[in-house]
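Student: just coords:
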């Protein structure tokens, strides 16, 4: 395993711990429930499918990783 990959895994882990801690405290993150996401409510519960949120997150992460990992 290269040192660069180790640093990337470490940073991703720290970010996940921070986001998980904020979620556990009940802090709402600034994304989610975008137009185009599917929310189906029924009598017994509901389902939420964040299609557009995942597309936006994928584009942002792709751009950031391409900027930082270019050789």
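Tutor: The structure has been received and is ready for your questions. What you see is a predicted model, and the numbers here were worked out from it, not measured in a lab.
Student: Can you classify the most centrally placed residue in the chain as helix, strand or coil?
Tutor: The chain has residue 57 as the residue nearest its centroid, 6.0 Å off, counting by CA atoms, centre = their mean. Secondary structure assignment for residue 57 (DSSP: H, G, I helix; E, B strand; the rest coil): helix.
Student: so what's it scoring on pLDDT?
Tutor: Note for residue 57: predicted pLDDT of 83.
Student: For residue 6, see how far away it is.
Tutor: 24 Å (CB to CB, to the nearest Å). (Each C-beta comes from the backbone N, C-alpha and C, glycine too.)
Student: For residue 37, which non-adjacent residue is spatially closest?
Tutor: Using CB to CB, 6 or more residues apart in numbering and skipping the chain neighbours, the partner closest in space to residue 37 is residue 50 (4.8 Å).
Student: Would you map out the domains in the chain?
Tutor: Following automatic domain parsing, one finds the domains of the chain at 1-30, 33-71.
Student: For the last one, list every residue counted as buried.
Tutor: Read it as domain 33-71. 50, 53 (16 or more other CB atoms under 10 Å).
Student: Sheet-wise, list the partners of the one helix or strand residue 39 maps to with their directions.
Tutor: Here residue 39 sits within strand 38-41, counting by DSSP states H and E. Strand pairing for strand 38-41, using DSSP bridges, gives strand 46-49 (antiparallel).
Student: Show me how far the partner strand is from its chain's centre.
Tutor: For strand 46-49, the separation from the chain centroid amounts to 17 Å (computed by CA atoms, centre = their mean, to the nearest Å).
Student: So what touches that strand?
Tutor: Residues from elsewhere that reach strand 46-49 (CB atoms under 8 Å, 6 or more residues apart in numbering): 37, 38, 39, 40.
Student: worst-scoring helix or strand of the protein, pLDDT-wise?
Tutor: Across the helices and strands of the chain, mean confidence by mean pLDDT, DSSP states H and E is lowest for helix 3-24: a mean of 82.
Student: which helices and strands sit right next to it?
Tutor: With contacts defined as 3 or more CB pairs under 8 Å, 6 or more residues apart in numbering; DSSP states H and E, there are no secondary structure elements packing on helix 3-24.
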